[in-house]
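**Student:** sequence and predicted structure, then a few things I'm wondering about:
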Amino acid sequence: MLEANRKVAAKFGIDLESIEKKVDTQENIGILGNDLTFIGVREKDRTKHVHRLHPYPGKFIPQLVEVFLKKYFKRGDTILDPFSCSGTALVEANVPGMNSIGIELSSFNVLIQKVKTKKYNILEVEKEIKDSLRRLRAFSKQLTTVNKHYLAIR
Ligand SMILES: C[S@@+](CC[C@H](N)C(=O)[O-])C[C@H]1O[C@@H](n2cnc3c(N)ncnc32)[C@H](O)[C@@H]1O
């Protein structure tokens, strides 16, 4: 077990012995380079980049997927996730240049996957966000003005 993980487990009262009985962490580190418990990886780090767009609780830990992709696949390969959920494995495959195909039962999850794996024109996205903020501010100002007017005539 990694030292960082020991410290976090102690802090949160996690029973490491029972985990180590079920998982041969040293063997995992030897084969895969990580102990796969990811106890030391905080929620904000587990939900890196687009994974935080929607806090879907059923998703894989991205770092777990990363370990297996690095070990068994290379750039240009295609991976299939038959239960692709909110698309964690699909996104993690795309990061190092792998293709990914997902199959998912829930249409809401498919929507999340599509948003997370789509290619965007960043300048266009920035323009749209700024425009939305501008319209939101104008709407908010309009509401305040209407409210003041309403209070004045009462
Ligand atoms: C725990 S999630 C999988 C996590 C995902 N692989 C990831 O990368 O984050 C399991 C998903 O399987 C989906 N599912 C369950 N039964 C299914 C089926 N028969 N066909 C397709 N998807 C299914 C569920 O809707 C759920 O979103």
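**Tutor:** Cool, the structure landed. A quick note: this is a predicted structure, and the numbers were derived from the prediction, not measured.
**Student:** any idea how far Leu90 is from Thr78?
**Tutor:** Distance, Leu90 to Thr78, by Cβ to Cβ, to the nearest Å: 11 Å. C-beta coordinates here come from the backbone N, C-alpha and C atoms, glycine included.
**Student:** who touches both of the two?
**Tutor:** Listed contacts common to Leu90 and Thr78 are 100-101; contacts here mean Cβ atoms under 8 Å, 6 or more residues apart in numbering.
**Student:** the two: which has the busier surroundings?
**Tutor:** The neighbour comparison of Leu90 against Thr78 (other Cβ atoms under 10 Å) goes to Leu90, with 24 against 10.
**Student:** just checking, that one touches Leu80?
**Tutor:** No: here Leu90 lies out of contact with Leu80, judged by Cβ atoms under 8 Å, at a distance of 9.7 Å.
**Student:** and Ser136, what element?
**Tutor:** If you look again at residue 136, you'll see it is Leu, not Ser. Here Leu136 sits within helix 122-153, counting by DSSP states H and E.
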